[in-house]
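Engineer: sequence? don't have it. structure:
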């Protein structure tokens, strides 16, 4: 799960527990709503840094950053969900995910913690309109009193047009 | 799973097994050579091989490795028959035995990983069946019933009926495709690489022998190469290749010994044979067993030709020293084996690589050539992937170096940095040197590519009944290996055009007062940061009227085109589907050539220029950049964004005054520079960024050029010049208009690299076309 070039950010115990029934999710928040993504694709979390804009890209693709010599694209998850854009501050984080050979950074408001959500506590989300942002939802996870919206990393990164791109790359 | 002790035993068995196989294989080769030459079987060698297999069988039995045991037993049985003189050893026997060795190696490898030799029963059955076939055949001719026969039939895991399933059409030397599995992709790749080299050397020798049939050096060269080729082919069981090259080798041998005198016809035939061999190698590269249906016919032709050329008196003294030195009959591989067969020697040849036999075959040949030609450079085969990694790292180093020496923190220090600057500049120099050496590693002289053209020209001239002299200049010019392969197709297209359309028949040329033999020149030289490869012919030149006519017909040109300069007209030939040939020959005329040429060249960031004079000839120049990924860039700023423009695209930069600017009715700004009128493209508009300056006189105007056309870019500021390592942008972003990649600047920021040609195309496609002035600088630059 870890790219050789990226740092180890997970404690060892978590690596061993990968195979257990509980799925681990990295939770982050946007506008007081908590979301979660499968930890297996996450390789690191970094603070926001200078982004170089790239012309000719959808609005949610903010540009690229220099990650220790590698140039990776970053997308703004707020804009992806059609939420209002917010100015980045020192708490803004970039979650770097790896899907096969592709690395992408996700800009989020804050990152909380890694939590276990057993399968029993995950419910499928209600009927989804394909055009809305809800199509990124993998399920709804109940953690105590709260409900975290669990996202499908693949869908989050690839929209319909880019899904064709994914086919081209072979993902 | 085997326990620790057993594992240890297995591991030492594997080591021993490999050693035994290492010893056996060269011996098998020696056996074959001797047998071919004198028909005799060297019993000493045979016994040695027998004992080796016997040891292997014993060890396998001890460790319960039944598959190894069964296979070695069969091989041992076969060898025993020869030992007892039941039959003469032929190449088909050597074939199956070497194949057995391959299979055993595979088994050993598998044992090393899984500590068992199970799971190979299919291949094992095949090998055992093949061995049994030979055994039965030999025994079939022998009335004596050996005691081993009973053992054999009991231990056969595959009863005789299976043999009948083998297709009748197979020659004896052929084996079911399953046995292909014993040949690993690495072995095949190695064979293909070496075979290509050997065939190429042989071809060169033949081509020069064509002109000078008496050149004994070249005969020796060709002989040795063919011999190695034959050996390798035989080793991999490619019998068609083997038998064909064997016959060719025999012919050459006769020439070497003065038994026959070669002539032009013979070498033409031999060249054709090489073509077939080359085709076979291609088949092998695809993983197939090469099949050459024409082989028997070709062999017959060669034999015929050779017998016709027999010299009355074989003059032994004319045989050159080299031919004798080449060890005459025994193949070079013997040289290694003849030395004291100590364990050290075996270990040494084993230590070389994983595939010792193939490598050891190569060594003696290499030794020979290096002895013969002291001036030849030593070389080493390197995996091109490793070179790719090396070059990447050098690129990263350039960036990292810049990030240290140009770090913004340094400015904050506010102290004199003399010592630091000195060290920094030393570091930069070292990095630049390293970069130069690293890129030069992958550079290969064009001579290989050019030499392939000799053959092409000869064949084309013959085909079109024209006389063409080929001149090659500057073949030692080096080009990056990844580009060399891309050069061949374009050059072939252009040469075809020259010979097909440019150069006329001897009669036509006489009419025009030219020498009957046309001249084609292939030249390569360094010009600035590029390699210029030219194809120059002294033919009829490009016909402006014909080209214009065709272009008007296709609607590519409005009006009568009289306003177009010659250069503009020549550019038309690069349009897809463009051809003025009256006839479509199979050589050319289909009009696919030139546009593919230009596209291929532009893909590697190169350019194609054409010069022509009616009646005098045509010159096509391929301009290839020397280094792929590192370019000199000019950093410019537009608003808050920075971009890099390749220096080689920039013609000049300046400030303009209001007086120099003209605005057309649709808002297109045009700037007058020394009489030329060039359109202005506002970079901030193009990329939709907020600029600092909106008025042209406040910012900078940069004149850039692409494909012979010039225009101006309006930017805010020139930041500086820097050597830039091009990094690709993530595939996720797709293709960004007019951006060829990105780089990381000294301050750690990512900066986009602009593709000037892309800006041109984007504007031409999107906007109302404005006449863009073309210049002659396309040639002179």
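Structural biologist: Nice, I can see it. Model, not experiment: these values are computed from the prediction. Numbers count the residues shown, from 1 in each chain, chains lettered A, B, ... in the order given.
Engineer: C-alpha from now on. contacts and neighbour counts both.
Structural biologist: OK.
Engineer: so what touches stretch B:451-464?
Structural biologist: The contact list for stretch B:451-464, computed with CA atoms under 8 Å, 6 or more residues apart in numbering or on different chains, reads B:204, B:207, B:467-468, B:470, B:492, B:495-496, B:499-500, B:587.
Engineer: next: stretch A:94-110.
Structural biologist: With CA under 8 Å, 6+ apart as the test, stretch A:94-110 has contacts from A:3, A:28-31, A:41-48, A:72-78, A:88, A:91-93, A:154, A:157, A:171, B:730-732.
Engineer: if you rank the contacts of stretch B:451-464 by neighbours, which is first?
Structural biologist: residue B:499 (26 neighbours; other CA atoms under 10 Å in any protein chain shown).
Engineer: show me what contacts it?
Structural biologist: Neighbouring residues of residue B:499 by CA under 8 Å, 6+ apart: B:457, B:460-461, B:468.
Engineer: just the buried ones among the contacts of stretch A:94-110, please.
Structural biologist: Among those, those classed as buried by 16 or more other CA atoms under 10 Å in any protein chain shown are A:28-30, A:41-45, A:48, A:72-78, A:92-93, A:154, A:157, B:730, B:732.
Engineer: keep only those of these that are in helices.
Structural biologist: Using DSSP state H, the members of the buried ones among the contacts of stretch A:94-110 that fall in helices are A:77-78, A:154, A:157.
Engineer: do a quick rundown of the helices in chain A.
Structural biologist: Under the criterion DSSP H, chain A contains helices at A:12-16, A:77-80, A:153-157, A:160-169.
Engineer: please identify the helix or strand for the closest residue to chain A within the stretch 251-400 of chain B.
Structural biologist: Proximity to chain A, evaluated over the stretch 251-400 of chain B using CA to the nearest CA, is greatest for residue B:396 at 7.5 Å. Per DSSP states H and E: residue B:396 is located in helix B:384-405.
Engineer: tell me the buried residues in that helix?
Structural biologist: B:390-392, B:394-403, B:405.
Engineer: what's the average pLDDT for the next helix or strand after that helix?
Structural biologist: Remark: after helix B:384-405, the chain's next helix or strand is helix B:408-413, criterion DSSP H and E. Here helix B:408-413 scores 82 as its mean pLDDT.
Engineer: what's helix B:408-413 in contact with?
Structural biologist: Residues contacting helix B:408-413 (CA under 8 Å, 6+ apart): residue B:747.
Engineer: ditto for stretch B:640-648
Structural biologist: By CA under 8 Å, 6+ apart, stretch B:640-648 touches A:52-53, B:631-637, B:689-691, B:751-756.
Engineer: buried residues, it. List them.
Structural biologist: For stretch B:640-648, the neighbour count (16+ other CA under 10 Å) marks B:641-648 as buried.
Engineer: any idea how chain B splits into domains?
Structural biologist: Using automatic domain parsing, the domain ranges for chain B come out as B:4-182, B:186-329, B:384-441, B:444-625, B:630-780.
Engineer: how far does the longest one sit from the chain's center?
Structural biologist: A distance of 23 Å separates the centroid of the chain from that of domain B:444-625, by CA atoms, centre = their mean, to the nearest Å.
Engineer: now the end-to-end length of that domain.
Structural biologist: Distance across domain B:444-625, first residue to last, is 14 Å (CA to CA, to the nearest Å).
Engineer: circling back to that earlier point, columns secondary structure on top of the buried residues of stretch B:640-648, output as JSON lines?
Structural biologist: Formatted as JSON lines, the buried residues of stretch B:640-648 follow (DSSP: H, G, I helix; E, B strand; the rest coil):
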{"residue": "B:641", "secondary structure": "strand"}
{"residue": "B:642", "secondary structure": "strand"}
{"residue": "B:643", "secondary structure": "strand"}
{"residue": "B:644", "secondary structure": "strand"}
{"residue": "B:645", "secondary structure": "strand"}
{"residue": "B:646", "secondary structure": "strand"}
{"residue": "B:647", "secondary structure": "helix"}
{"residue": "B:648", "secondary structure": "helix"}
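Engineer: out of those, which is nearest to chain A?
Structural biologist: Once CA to the nearest CA is applied, the member of the buried residues of stretch B:640-648 that ends up nearest chain A is residue B:641, at 7.8 Å.
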